[in-house]
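Engineer: turn this into a structure:
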Amino acid sequence: MIKKTVTVLLIEDSPEYAELVRRWLSPQDDIEFVVHRADSLLAGLSRFKMERIDAILLDLGLPDSRGIETFTTVKMHVGGVPILILSGNDTESVALQTIQQGAEDYYIMKSTCDGALLVKAVRHAVGRATPRVVDETVADQGTVIGVMGAKGGVGVTTFACSLALELLHQTEQRALVADLDVNAGLVRFLMKADAEHSILDAVANVHKLNHSYWNGIVGHGPGGVDVMPSPNLLGVDSADISKIHDVFATIRMFYRWTVLDLGRVASLSLSFLDKVSALYLVTTVNVPALHEAKRTIGVLMRAGLEPDRLRLIVNQAGSTEYSGNDLDRLFGIPVYAKLPCAGQELDDACSRGQVLSANSEYRVRVAEVARRIAGLPEEASGGTVAQLRSLAGKLWKNNSVAMATRA
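Structural biologist: Take a look at the predicted model:
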């Protein structure tokens with residue numbers, strides 16, 4: 001008879017009790033238990049991502065998490081996998097509270113547990129667990145977009161911030177802009193965010209990253225866009241890449257749109273190539289920028305980025321005589337969008353402590369990009385509303401110039 005294999009993740013910091021559990025979960029006539037052990041919450045969550053787990057045995061008192069928070073954090077990360085709690089605490093109120101939050105009907109006291117009870121509990125939990133099916137509708141609710149620069153000074157952060165603002169504005173769905181250029185930190189400045197924390201705070205607490213904790217550390221920018229700043233560590237590039245990935249794997253479910261400012265090509269930015277739905281490479285049209293853009297495209301292709309996920313954004317397009325066909329031939333991929341120069345408008349906005357006006361020509365063009373990303377009709381972005389926004393921006397700019405002249 002072929003035995004059924006049940007893989008169990010035991011999250012328990014006591015090696016002695018872990019060994020006892022292994023002995024209890026010895027092979028049965030019809031079932032083979034495979035037990036993987038982790039001695040902390042963070043190690044357990046990491047191990048869960050590496051294996052196909054059928055059930056979790058969880059000690060609530062771990063070195064890096066204690067009590068009911070241990071259960072709620074694990075529950076958030078493991079979806080519908082059944083959780084059985086092993087506890088040395090005989091307090092009934094904790095058991096009831098845990099079960100009410102969605103645990104299996106098994107709150108097993110270590111003092112009374114034995115092999116027969118544990119095997120029966122695991123069998124029952126696995127047997128009644130709902131098969132895990134990927135909900136494509138839910139999975140599609142979190143789109144991660146990467147923005148990278150061919151070189152410094154080409155307007156990467158301006159585009160990333162404006163894109164997040166317009167995705168929220170055009171779709172009325174929650175958006176985040178995150179600064180992963182650890183040596184820069186311009187997102188916080190351009191978004192005028194009230195952010196006291198950085199991505200490093202999220203990394204340090206990735207094991208307890210739930211809605212409540214995240215909302216306590218994320219910054220808030222204009223228009224309702226959330227902002228996660230860079231730590232602005234000039235000259236430092238030692239971020240734990242795997243933990244940063246863990247952070248965004250968790251918070252992806254919190255947002256419909258996540259825009260990542262990846263800065264330039266680096267180990268961290270390249271590690272996100274398989275995490276983003278598309279990568280927007282920003283360049284200007286001066287010769288050094290064009291040279292670096294072509295070189296960067298080669299690096300990205302060699303790193304495994306598929307051409308259909310690469311989008312070329314040509315910034316300050318009005319200052320060149322290059323045609324779209326010229327640029328297409330130069331880069332080997334079509335130009336996705338051309339954006340006007342926003343230098344003076346951006347300087348004016350920054351001097352007033354504001355973001356780039358939604359009526360500016362630049363934001364109008366970025367709105368078109370946002371609508372294209374969201375699959376909204378193109379005619380709506382190029383129709384009356386967009387024309388009025390563009391006209392208002394030009395009138396505002398002319399009025400500002402006139403006032404400055406009179407002054």
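
Engineer: hang on, isn't residue 10 packed against residue 34?
Structural biologist: No - the criterion here is C-beta atoms under 8 Å, and residue 10 misses it with residue 34 at 10.7 Å. Just so you know, the C-beta spots here come from the backbone N, C-alpha and C atoms, and that holds for glycine as well.

Engineer: so between these two, which is more surrounded?
Structural biologist: Under the criterion of other C-beta atoms under 10 Å, the comparison of residue 10 against residue 34 puts residue 10 first, with 23 against 15.

Engineer: which SS state does residue 263 fall under?
Structural biologist: Following DSSP: H, G, I helix; E, B strand; the rest coil, residue 263 is assigned to coil.

Engineer: not counting its neighbours along the chain, what's nearest it?
Structural biologist: In space, and not counting its chain neighbours, residue 263 is closest to residue 181: 3.0 Å by C-beta to C-beta, 6 or more residues apart in numbering.

Engineer: likewise for residue 23?
Structural biologist: Leaving aside its chain neighbours, residue 23 sits nearest to residue 115 (7.3 Å; criterion: C-beta to C-beta, 6+ apart).

Engineer: can you pull out the low-pLDDT segments for the protein?
Structural biologist: 1-2, 89-106, 129-141, 232-239, 317-324, 379-407 (pLDDT under 70).

Engineer: just give me the neighbour total for the residue nearest to residue 23.
Structural biologist: Count around residue 115 with other C-beta under 10 Å applied: 13.

Engineer: the helices in the stretch 301-407 of the chain, which residues?
Structural biologist: Ranges of helices within the stretch 301-407 of the chain are 324-331, 343-351, 361-374, 378-381, 384-406, based on DSSP state H, counting those that start in this stretch.

Engineer: now do the same contact list for the closest residue to residue 278 other than its chain neighbours.
Structural biologist: Leaving aside its chain neighbours, residue 278 sits nearest to residue 309 (5.0 Å; criterion: C-beta to C-beta, 6+ apart). Residues in contact with residue 309 (C-beta atoms under 8 Å, 6 or more residues apart in numbering) are 276, 277, 278, 279.

Engineer: for residue 66, same thing?
Structural biologist: residue 60.

Engineer: who does it bridge with?
Structural biologist: Here residue 66 sits in beta bridges with residue 61, going by DSSP bridges.

Engineer: quick one, phi psi at residue 297?
Structural biologist: The phi/psi pair for residue 297 (degrees, to the nearest 10) reads phi -60, psi -40.

Engineer: ditto for residue 258
Structural biologist: Backbone torsions of residue 258, given as degrees, to the nearest 10, read phi -120, psi 120.

Engineer: isn't it right up against residue 248?
Structural biologist: Yes - checked against C-beta under 8 Å, the pair residue 258 and residue 248 is within contact range at 7.0 Å.

Engineer: more neighbours: the two, which one.
Structural biologist: Higher neighbour count among residue 258 and residue 248: residue 258, with 26 against 22, using other C-beta under 10 Å.

Engineer: gap between that one and residue 210?
Structural biologist: 17 Å (C-beta to C-beta, to the nearest Å).

Engineer: one more: residue 47?
Structural biologist: As judged by C-beta to C-beta, residue 47 and residue 210 stand 19 Å apart.

Engineer: centroid residue for this structure?
Structural biologist: By C-alpha atoms, centre = their mean, the chain has its centre lying nearest to residue 248, at 3.1 Å.

Engineer: buried set for the helix or strand harbouring that residue?
Structural biologist: Here residue 248 sits within helix 241-251, counting by DSSP states H and E. Using 16 or more other C-beta atoms under 10 Å as the test for burial, helix 241-251 gives 243, 244, 245, 246, 247, 248, 249, 250, 251.

Engineer: check stretch 170-186 too.
Structural biologist: 170-171, 174-182, 184-186.

Engineer: of the residues you listed, which is the nearest to residue 262?
Structural biologist: Residue 262 lies nearest to residue 180 out of the buried residues of stretch 170-186, by C-beta to C-beta, at 5.4 Å.

Engineer: so who does the spatially closest residue to residue 83 that is not a sequence neighbour touch?
Structural biologist: Spatial nearest neighbour of residue 83, chain neighbours left out: residue 56 (4.8 Å); criterion: C-beta to C-beta, 6+ apart. Residues near residue 56 by C-beta under 8 Å, 6+ apart: 8, 9, 10, 11, 44, 48, 74, 78, 81, 82, 83, 84.

Engineer: again, only this time at 7 Å
Structural biologist: Residues in contact with residue 56 (C-beta atoms under 7 Å, 6 or more residues apart in numbering) are 9, 11, 74, 78, 81, 83, 84.

Engineer: of those, which is the most crowded?
Structural biologist: residue 11 (28 neighbours).

Engineer: residues in contact with that residue?
Structural biologist: Neighbouring residues of residue 11 by C-beta under 7 Å, 6+ apart: 38, 41, 44, 56, 58, 59, 62.

Engineer: if we use 10 Å, what do you get?
Structural biologist: 18, 36-45, 47-48, 56-60, 62, 65, 70, 74, 83, 86 (C-beta atoms under 10 Å, 6 or more residues apart in numbering).

Engineer: element containing the residue lying closest to residue 151 once chain neighbours are set aside, please.
Structural biologist: Distances taken as C-beta to C-beta, 6+ apart put residue 292 closest to residue 151, at 4.2 Å, once the chain neighbours are dropped. Using DSSP H and E, the element containing residue 292 is helix 287-302.
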